[in-house]
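In: Give me a 3D structure for the following:
(one chain, ligands or ions: 1)
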Amino acid sequence: MDSMKRREFMQKAAATLVVTGAAVACGPGPAGEHGAPAVHAAKNVMWKLASSFPRGLDTIYGGAEALAQRVDAMTGGSFKIRCYPAGEIVPALAVLDAVQQETVQIGHTASYYYTGKNPVLAFDTAVPFGLTARQQAAWMAYGGGRELLQPVFADFGIISFSGGNTGAQMGGWFRREVGEVADLQGLKMRIPGLGGDVMSRLGATVQVLAGGDIYPALERGAIDATEWVGPYDDEKLGFHKVAKYYYYPGWWEPGPALSFYVNRKAWDSLPKIYQEVFVAATAEANLGMLANYDAKNPPAMARLRAAGVELRPFSDSILAAAYREAEALLGEQAAADAAYGKVYDAWRKFRAESHRWFATAEAAFAAFTFPRAAEP
Ligand code: CA
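Out: A predicted model of the protein is given here:
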C-alpha cells in the first residue's frame with residue numbers, strides 16, 4: 001500500500017468509526033438495548049411528494065425541492081423524496097386526499113384549499129386580517145396553534161409540518177380602479193377562500209379559477225380582477241399585461257403559510273433518525289421560502305413599476321368594510337361549530353396580544369423608516 005492509498009484507507013476507516021461510534025453513543029436501537037452493538041445499515045426509503053403548485057413557480061414549488069434535496073444530502077442518499085408538480089400525479093387541489101389515501105407519502109399544499117372538508121383548516125394557512133408570516137410562525141411553533149390543529153389533521157391520518165410562507169400578499173390586479181365599496185358591486189373577481197367570502201359580502205361576484213386559467217379569463221374580460229400572490233409570482237403569470245392597476249394589501253392573506261402533509265402510517269414506518277432529518281429539513285425549507293420571496297419580490301416590483309403598472313392602496317373605506325365583514329364571518333362560523341370556535345377563540349386571543357406587541361416597535365420603525373429609506 002503506497003502512502004496515498006494508505007491515507008485514503010485510514011480516512012475511510014476513521015469515517016466508519018465516527019458513524020459507528022455516534023450510533024452507539026447517541027441512541028442504542030433495539031439491538032443496543034439488548035447489549036449488542038447498535039450498528040444499523042442505512043435503510044433505503046423512497047417517498048413521493050405531490051405539490052399543489054406548478055414547477056414554474058420556483059419559490060413556492062421550490063420549497064418541496066429544497067426539502068427533498070436536504071433529506072437526500074443528510075441521509076447520504078438513503079432517504080429520497082421525488083417531487084411531482086400540480087397535476088402530474090393528482091390535481092392541485094386534491095393533495096390532501098392523495099396523502100390521506102397514501103397515493104403519495106407527502107403533500108405540499110395550502111390547507112385553506114380544503115376548508116370544504118373542515119373550515120377550521122383556514123387557520124393553518126391564512127385568515128382575513130389575521131396573522132403576518134412572523135406571527136403565524138410564532139402561533140404555530142410556540143403559541144399553541146400546532147397543538148390545536150394537529151388533531152384536525154389526525155382525522156385525515158395526516159401529520160402536518162410548516163411548509164413555507166409567501167409573506168404579505170398583494171391585493172391583486174384590477175382592470176379598473178376601485179375607490180369605494182360601491183365600486184365592488186358586480187365586480188367579477190377571482191379570489192378563493194374566506195377572502196372571496198368577504199368580497200362577496202361586499203358585493204363582488206366571486207370566482208375560483210386555477211392558476212393557469214386566470215390570465216385568459218382576465219384578458220378577455222370574463223373577470224375584472226384577480227388576486228394571486230405578489231410581484232415575483234404575478235409577474236411570471238403576466239397579469240400586468242392585461243390589467244393596469246395593482247392593489248395592496250392582500251388583507252385576506254397577510255402571511256399565508258404552506259404545509260407539508262405526511263401520511264401518518266408512512267411517518268410511523270420511518271426510522272427515528274429519518275424522522276429527525278425530516279423535521280430539520282422542513283424547518284429549513286419553511287424559513288427558506290419566506291427569505292426567497294423577500295429577496296425576489298422587491299426587484300420584481302421594480303420591474304413591474306418600470307413596465308407602467310399603477311400601484312393603488314385599497315381605500316380606508318374598503319378596508320374598514322372588509323374588516324367588519326371578515327370579523328362577522330369568522331364570528332358566525334365560530335357560533336355554528338364548537339370545534340371551530342375553540343380554535344378561533346385561542347387564535348383571536350393570540351392575534352390580539354400579537355398585534356398589540358407588533359403595533360409598538362415594529363410598526364413605529366416601519367412607519368417612520370420604510371417611506372424615507374425606500375428611495376435611493
Ligand atoms: Ca393569494
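In: So the spatially most central residue of the chain: helix, strand or coil?
Out: For the chain, the residue nearest the mean C-alpha position is L258 (1.7 Å; CA atoms, centre = their mean). Under DSSP: H, G, I helix; E, B strand; the rest coil, the three-state class of L258 is strand.
In: Now do it against Y113, distance only.
Out: 11 Å (CB to CB, to the nearest Å). C-beta coordinates here come from the backbone N, C-alpha and C atoms, glycine included.
In: Same question for R324.
Out: In this view, R324 and Y113 are 26 Å apart by CB to CB.
In: more crowded one of those two?
Out: Y113 (20 against 14; other CB atoms under 10 Å).
In: if we can go back for a sec, do I have it right that the residue nearest to the centre of the chain meets T59?
Out: No: counting by CB atoms under 8 Å, L258 sits too far from T59 to count as a contact (10.5 Å).
In: list residues touching both of the two?
Out: 166, 289 (CB atoms under 8 Å, 6 or more residues apart in numbering).
In: how about A328, what does it touch?
Out: Contacts of A328 (CB under 8 Å, 6+ apart): R201.
In: Quick one: the helices in the stretch 201-350 of the chain, in order.
Out: 211-219, 231-237, 264-268, 272-306, 316-336, 338-358 (DSSP state H, counting those that start in this stretch).
In: Name the residues of the fifth one that are buried.
Out: The neighbour-count criterion (16 or more other CB atoms under 10 Å) identifies 318, 321-322, 325-326, 329-330, 333-334 as the buried residues of helix 316-336.
In: Those: which two are farthest apart?
Out: Farthest-apart pair in the buried residues of helix 316-336 is I318 and A334; separation 24.5 Å (CB to CB).
In: Please tell me how far T75 sits from E284.
Out: 14 Å.
In: which one of these two has more residues nearby?
Out: Comparing T75 with E284 by neighbour count (other CB under 10 Å), the higher total belongs to T75, at 20 against 15.
In: What's the local residue count around the closest residue to E219 other than its chain neighbours?
Out: Nearest-residue entry for E219: V242, 4.4 Å, with adjacent residues in sequence omitted and distances by CB to CB, 6 or more residues apart in numbering. Close neighbours of V242, defined as other CB under 10 Å, add up to 17.
In: Now do V242, the pLDDT please.
Out: For V242, the pLDDT comes out at 97.
In: Surely it touches A217?
Out: No: if you go by CB under 8 Å, V242 and A217 don't touch, sitting 9.5 Å apart.
In: How about the residues of the stretch 251-376 of the chain by the ion?
Out: E253 (CB under 5 Å from the ion).
In: Smallest distance to the ion belongs to which residue of the stretch 251-376 of the chain?
Out: Nearest to the ion in the stretch 251-376 of the chain, going by CB to the ion, is E253, at a distance of 4.9 Å.
In: Please apply the same query to the stretch 1-150 of the chain.
Out: Counting by CB to the ion, the stretch 1-150 of the chain gets nearest to the ion through A126 (8.3 Å).
In: And that residue, which helix or strand is it part of?
Out: Assigned by DSSP states H and E, A126 falls within no helix or strand.
In: Quick check: it vs G195, distance?
Out: 8 Å.
In: Overlap in contacts, the two.
Out: Common neighbours of A126 and G195, using CB under 8 Å, 6+ apart, are 252-253.
In: so what's R190 bridging to?
Out: Beta-bridge pairing for R190 (DSSP bridges): Q207, T226.
In: I'd like the distance between it and G196.
Out: For R190, the distance to G196 equals 8 Å [CB to CB].
In: hang on, isn't S354 packed against Q135?
Out: Yes: S354 is within contact range of Q135, at 4.8 Å (criterion: CB under 8 Å).
In: On the three-state scheme, the spatially closest residue to S51 that is not a sequence neighbour is what?
Out: If the residues on either side of it in the chain are set aside, S51 comes closest to H108, at 4.5 Å by CB to CB, 6+ apart. Counting by three-state DSSP, the backbone at H108 sits in strand.
In: Correct me if wrong: H108 contacts G163.
Out: Yes: using CB under 8 Å, H108 is in contact with G163, at 5.6 Å.
In: Phi and psi next, for G250.
Out: Backbone geometry at G250, expressed as degrees, to the nearest 10, gives phi -80, psi 80.
In: Would you confirm that F370 belongs to a helix?
Out: Yes: secondary structure of F370 (three-state DSSP): part of a helix.
In: L49 sits in which helix or strand?
Out: Here L49 is assigned to strand 45-51, by DSSP H and E.
In: Return the set of buried residues in the very next helix or strand once past that strand.
Out: Next in sequence after strand 45-51, counting helices and strands by DSSP H and E, comes helix 58-74. Buried residues in helix 58-74, counted by 16+ other CB under 10 Å: 58-72, 74.
In: Residues touching helix 58-74, excluding its own?
Out: Under CB under 8 Å, 6+ apart, the answer for helix 58-74 is 49, 51, 53-55, 79-83, 85, 106, 108, 163-164, 166, 229, 232-233, 258, 260, 274, 277-278, 280-282, 284-286, 288-289, 292-293, 296.
In: Among the residues you listed, name the buried ones.
Out: Among the contacts of helix 58-74, those classed as buried by 16+ other CB under 10 Å are 49, 51, 53-54, 79, 81, 83, 85, 106, 108, 163-164, 166, 229, 232-233, 258, 260, 274, 277-278, 281-282, 285-286, 288-289, 292-293, 296.
In: In three-state terms, label the residue nearest to V262 when sequence neighbours are not counted for me.
Out: Excluding the flanking residues, the one nearest V262 by CB to CB, 6+ apart is I159, at 5.1 Å. Of the three states, I159 takes strand under three-state DSSP.
In: Good, we can wrap up now.
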